[in-house]
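S.K.: this one's sequence-less:
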């Protein structure tokens, strides 16, 4: 353990120095303003059908040339609207209302969870929906019977 600390100390100290002394950090406000500028500049077709789910996160996207981490670091709601537009967002909302029709408490849990940085293409996103929605509805069916 001591050997690992000695080996990793220069790296850990450099991160500490950049963060604490030189105030180099992630600028959340600038990142969000890039998203708002992108949503303002894009055309109506992209508002309706979306810009598509991106596979290559290193390639600049959109009108402003932002990167995918700008969208994915915001929230699932902004990510879903950017990628699938109004039609996809409505479809997703209807699907979630159907899945959680027997579990209103789970639906509100999901609304809170979606404020975090989930992507549609990540397996944990769908696992969370399954665990909250389907599993709890099965329990409710057992209790009702």
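M.R.: Done, it's in. Model, not experiment: these values are computed from the prediction.

S.K.: drop to CA atoms for contacts and neighbour counts, all remaining ones
M.R.: Fine.

S.K.: what's the longest helix in the protein?
M.R.: In the chain, ranked by residue count with DSSP state H as the criterion, the top helix is helix 76-99.

S.K.: Tell me which other helices or strands that helix touches.
M.R.: helix 44-49, helix 68-72 (3 or more CA pairs under 8 Å, 6 or more residues apart in numbering; DSSP states H and E).

S.K.: Give me the contact list for the first one.
M.R.: Translated: helix 44-49. Residues from elsewhere that reach helix 44-49 (CA atoms under 8 Å, 6 or more residues apart in numbering): 81-82, 84-88.

S.K.: likewise the shortest one?
M.R.: Residues outside helix 68-72 that contact it (CA under 8 Å, 6+ apart) are 31-32, 34-35, 54, 57-61, 78-79, 82, 117-119.

S.K.: Centre of the chain to it, how far?
M.R.: 8 Å (CA atoms, centre = their mean, to the nearest Å).

S.K.: Would you quantify the distance from residue 97 to residue 12?
M.R.: Distance of residue 97 to residue 12, given as CA to CA, to the nearest Å: 46 Å.

S.K.: who has more neighbours, these two?
M.R.: Taking neighbours as other CA atoms under 10 Å, residue 97 and residue 12 compare with residue 97 leading, 15 against 11.

S.K.: residues touching that one, list them.
M.R.: residue 107.

S.K.: how about the helices in this protein?
M.R.: 2-16, 28-41, 44-49, 68-72, 76-99, 104-113, 123-129, 135-144.

S.K.: which stretch in the ones you listed has the least confidence?
M.R.: With a mean of 56, helix 135-144 has the lowest mean pLDDT of those.

S.K.: closest one to residue 126 among the helices and strands packed on helix 76-99?
M.R.: Closest approach to residue 126 among the helices and strands packed on helix 76-99 is made by helix 68-72 (15.9 Å; CA to CA).

S.K.: Next, the buried residues of the closest one.
M.R.: Residues of helix 68-72 classed as buried: 68, 70-72 (neighbour count, 16 or more other CA atoms under 10 Å).
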